[in-house]
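> Whatever this is, show me its structure:
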Amino acid sequence: MPFAISPRAIKRLHHLIWTLIFAGLLALVLGVATLRQPDGDAVGTLLAAGGALAAAVGVVLIWLHSRLREAD
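Numbering: from 1, shown residues only. Below is the predicted model of the structure:
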């Protein structure tokens, strides 16, 4: 049974989803690039892990978005 939320909240969720996915993938790529530098182990790992986590949260929110419907 889908949950009903306002159209404004759905629009906010939509913006949050794509911001998390694109920013997370950007951070992941920057982290991987930083890992290739001689002294970039700690920063690269942090960026890559944080970016992967943000992108994963965005994907979970896409699933949540599919379960929602607009309120009447």
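> Now do the strands in the chain.
For the chain, the strands defined by DSSP state E occupy 3-5, 68-70.
> Can you check which of the ones you listed gets nearest to residue 27?
strand 68-70 (26.8 Å; CB to CB). (C-beta placed from N, C-alpha, C; glycine too.)
> Distance from that closest one to the middle of the chain?
Taking the mean of its C-alpha atoms, strand 68-70 sits 21 Å from the chain's own mean (CA atoms, centre = their mean, to the nearest Å).
> ditto for stretch 39-57
Its chain's C-alpha centre lies 13 Å from the corresponding centre of stretch 39-57 when counted by CA atoms, centre = their mean.
> buried sites along it?
Residues of stretch 39-57 classed as buried: 44, 47-48, 51-52, 54-55 (neighbour count, 16 or more other CB atoms under 10 Å).
> Residue 49 - nearest residue in space that isn't next to it in sequence?
The shortest distance from residue 49 to any non-neighbouring residue, by CB to CB, 6 or more residues apart in numbering, is to residue 31 (7.3 Å).
> That's all I had, so thanks and see you.
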